[in-house]
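Pasting the sequence and the predicted model now:
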Amino acid sequence: GPQGPTGAPQRIDASLAATWILPHGFAREPMVQVFLGSGEQVIADVSATPTTVTVTHASPQSGFVLVY
């Protein structure tokens with residue numbers, strides 16, 4: 001897909017849950033990186049739409065995503 005704009009990514013914090021449904025403001029499907037609360041980057045099941053990012057974990061996690 002198209003590359004995102006240059007500059008800082010948007011950080012979206014997520015509370016403890018197995019599924020995070022996080023609104024974003026890019027009006028397109030963003031690139032997504034997923035991090036646990038410890039700051040560790042993880043691979044998770046991610047789906048993105050022009051308005052939301054959904055992240056599914058095997059067990060409840062808290063953390064954040066960076067969207068570009």
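That came in fine, so what should we check first?

which residues does the residue lying closest to residue 45 once chain neighbours are set aside contact?
In space, not counting the residues next to it along the chain, residue 45 is nearest to residue 56; the distance is 4.2 Å by CB to CB, 6 or more residues apart in numbering. All C-beta atoms are positioned from the backbone trio N, CA, C, and that covers glycine. Residues in contact with residue 56, defined by CB atoms under 8 Å, 6 or more residues apart in numbering, are 18-20, 44-46.

Mind naming the longest strand for the protein?
For the chain, the strand that runs over the most residues, judged by DSSP state E, is strand 52-67.

Partner strands of it, with direction?
strand 10-23 (antiparallel), strand 32-36 (antiparallel), strand 45-48 (antiparallel) (DSSP bridges).

Neighbour-wise, which one of the contacts of residue 56 leads?
Taking other CB atoms under 10 Å as the neighbour criterion, residue 20 ranks highest of the contacts of residue 56 with 25 neighbours.

hang on, isn't that residue packed against residue 64?
No. Applying CB atoms under 8 Å, one finds residue 20 not in contact with residue 64, separated by 9.1 Å.

Overlap in contacts, those two.
In contact with both residue 20 and residue 64: residue 14, using CB under 8 Å, 6+ apart.

coming back round to it: mean neighbour count, the strands paired with strand 52-67: which tops it?
For those, average neighbour numbers computed from mean count of other CB atoms under 10 Å are highest in strand 32-36, which has a mean of 18.

what does it contact?
With contact meaning CB under 8 Å, 6+ apart, strand 32-36 is reached by 9, 41-44, 46, 48, 53, 55, 61-68.

Just the buried subset of those residues, please.
Burial by neighbour count, 16 or more other CB atoms under 10 Å: within the contacts of strand 32-36 this picks out 44, 48, 53, 55, 61, 63-67.

from the residues you listed, which single one is nearest residue 37?
Within the buried ones among the contacts of strand 32-36, the smallest distance to residue 37 is 4.8 Å, found for residue 63 (CB to CB).
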